[in-house]
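Enquirer: Sharing a model prediction with you, sequence too.
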Amino acid sequence: MATSQDLIKFVVWAPDYGDAGAQERRFAVRPRHLENAHRLTKEGVIRVGAGVLTSDSVNAAPADRKFFGSCLIIEAESSETARKLIESDIYYTAGVWDKEKLQILPIMLASPLPLVPS
């Protein structure tokens, strides 16, 4: 098993589809997405994860927030492994994330990542 130092860091930009049903699909599968994301965070695979808010949602009440994508920093042994991980996420399989616009890019960090939760 590779150590964290051996793993490649990737930034993932996963924009949502822009159709009228995108928010509904996101919220319908969100509990399963978050359950999996929390597990992968505890395993040290997802190092940082976030839903990207629309600018008019920044100060909105939680129930009124709207998202237009997700941004993550993950660690994986290869770009193929990273892609398989993202493509297995419920947001990908349920048609939340726009498969054509999804980007998985290797990065070199300039600052340390947060510690993996224990």
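Expert: In hand now; what should we look at? Numbers count the residues shown, from 1 in each chain.
Enquirer: which residues in the protein form helices?
Expert: 22-42, 79-87, 90-93 (DSSP state H).
Enquirer: Show me where the chain dips below the pLDDT cut-off.
Expert: 1-5 (pLDDT under 70).
Enquirer: those strands in it, which residues are they?
Expert: For the chain, strands defined by DSSP state E occupy the ranges 8-15, 46-53, 67-76, 103-107.
Enquirer: Deepest in the core, which of the ones you listed is it.
Expert: strand 67-76 (a mean of 20; mean count of other C-beta atoms under 10 Å). Quick note: C-beta positions are derived from backbone N, CA and C, even for glycine.
Enquirer: tilt between it and strand 46-53?
Expert: Counting by axes from the mean of the first three to the mean of the last three C-alpha atoms, to 10 degrees, strand 67-76 lies at 170 degrees to strand 46-53.
Enquirer: residue closest to the middle of this protein?
Expert: Nearest to the mean C-alpha position of the chain, counting by C-alpha atoms, centre = their mean, stands Leu72 at 4.2 Å.
Enquirer: how close does it get to Lys99?
Expert: 16 Å (C-beta to C-beta, to the nearest Å).
Enquirer: Could you work out the end-to-end span of stretch 85-96 for me?
Expert: 15 Å (C-alpha to C-alpha, to the nearest Å).
Enquirer: Not counting its own residues, what contacts that stretch?
Expert: With contact meaning C-beta atoms under 8 Å, 6 or more residues apart in numbering, stretch 85-96 is reached by 12, 14, 16-17, 22, 25-26, 28-29, 32-33, 36, 40, 45, 70, 74, 76, 97, 99, 102, 104.
Enquirer: ok, the closest residue to Arg83 other than its chain neighbours - contacts?
Expert: Ranked by C-beta to C-beta, 6 or more residues apart in numbering and with sequence neighbours excluded, the top spatial neighbour of Arg83 is Ile104, at 5.8 Å. Residues in contact with Ile104 (C-beta under 8 Å, 6+ apart) are 10-12, 79, 82-83, 86.
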